[in-house]
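1. Need a 3D model of the sequence below.
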Amino acid sequence: MSAGSHASRRPGLLRRARASVRLRAVLSLGVLTLPLGMGTLAFWTDSVVISGASFTGGTLDMSVSGGDPYASTTLAMPTMVPGATSAEVLTVQNVGNVAMKYSLTGGLSGTDAAAMAPHLTLTIRAGGTKSGATCTGGTSIYNAVLTTTTTTQLITTAAKRGPVPASPGTDALCFQVTFSLSAPTALQGKTATATLTFLGTSDLA
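-> Next up is the predicted model:
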């Protein structure tokens, strides 16, 4: 075989050799990347369960001087005359398991309420004590004649008292009712009934 014949074959052999190298390189990449694409690698795993997170609503519960409802025994004046007074300490009690604040409404009802209301003044003293038929000490938080509307705000929802801690939290108020010295003779034998309502709330704002 001539030297020219060998020379003519070399370019073809070189091209085939280069193509073979490229093919092996491509196949090698395919072998390397195939396991990643097939997801054949394994991983260890573990988990933790969170339990015990139960939810129970709190209890908002109040009483007044141990009663719910409460019947006053010393604020009533069955035979009053001008200038007469009556007094009673009412203790607001939180018997629930959440803190509370409270407001108070009240007024007179009955056939003679309109005639009696202008002559009956209610005074409330926070932290006051009863001395005979009057309230002493503490801080006056209300002092006005009673109205003929039992929903009149005496301790407003905007200025509600508290917070009173969960049981056995308490807040003592002394209530005094005074019959006007200027009450007219025409009120003899007239009767009106006072209704007071405490309203507790969990809104401590």
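2. contacts, neighbours, all on C-alpha from now
-> Will do.
3. Okay, strands next: where are they in the chain?
-> In the chain, the strands defined using DSSP state E lie at 62-64, 85-94, 100-109, 120-126, 129-131, 134-136, 139-145, 153-155, 161-164, 170-179, 193-201.
4. In JSON lines, list those along with distance to Pro78.
-> Shown next, in JSON lines, are the strands of the chain (distance: least, CA to CA, whole Å):
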{"stretch": "strand 62-64", "distance to Pro78": "23"}
{"stretch": "strand 85-94", "distance to Pro78": "11"}
{"stretch": "strand 100-109", "distance to Pro78": "15"}
{"stretch": "strand 120-126", "distance to Pro78": "14"}
{"stretch": "strand 129-131", "distance to Pro78": "19"}
{"stretch": "strand 134-136", "distance to Pro78": "17"}
{"stretch": "strand 139-145", "distance to Pro78": "19"}
{"stretch": "strand 153-155", "distance to Pro78": "24"}
{"stretch": "strand 161-164", "distance to Pro78": "31"}
{"stretch": "strand 170-179", "distance to Pro78": "12"}
{"stretch": "strand 193-201", "distance to Pro78": "11"}
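5. Select, out of those strands, the one closest to Thr45.
-> Thr45 lies closest to strand 100-109 among the strands of the chain, at 48.7 Å (CA to CA).
6. how many neighbours does Leu90 have?
-> As a burial measure, Leu90 scores 20 neighbours (other CA atoms under 10 Å).
7. Next up, the contacts around it.
-> Val64, Ser65, Ala172, Leu173, Cys174, Phe175 (CA atoms under 8 Å, 6 or more residues apart in numbering).
8. what's the answer for Thr193, then?
-> Leu108, Ser109, Gly110, Ala113.
9. Pretty sure the first one sits against Ala192.
-> Spelled out, that is Leu108. Yes: between Leu108 and Ala192 there is a contact under CA atoms under 8 Å: 6.2 Å.
10. Among these two, which residue is more densely surrounded?
-> In terms of neighbours (other CA under 10 Å), Leu108 is the more surrounded of Leu108 and Ala192; the figures are 24 against 18.
11. give me the low-pLDDT residue ranges for the chain?
-> The chain contains residues with pLDDT under 70 at 1-40.
12. ok, now with 80
-> 1-41 (pLDDT under 80).
13. From the contacts of Leu90, pick the one nearest Thr157.
-> Nearest to Thr157, judged by CA to CA, of the contacts of Leu90 is Leu173 at 16.9 Å.
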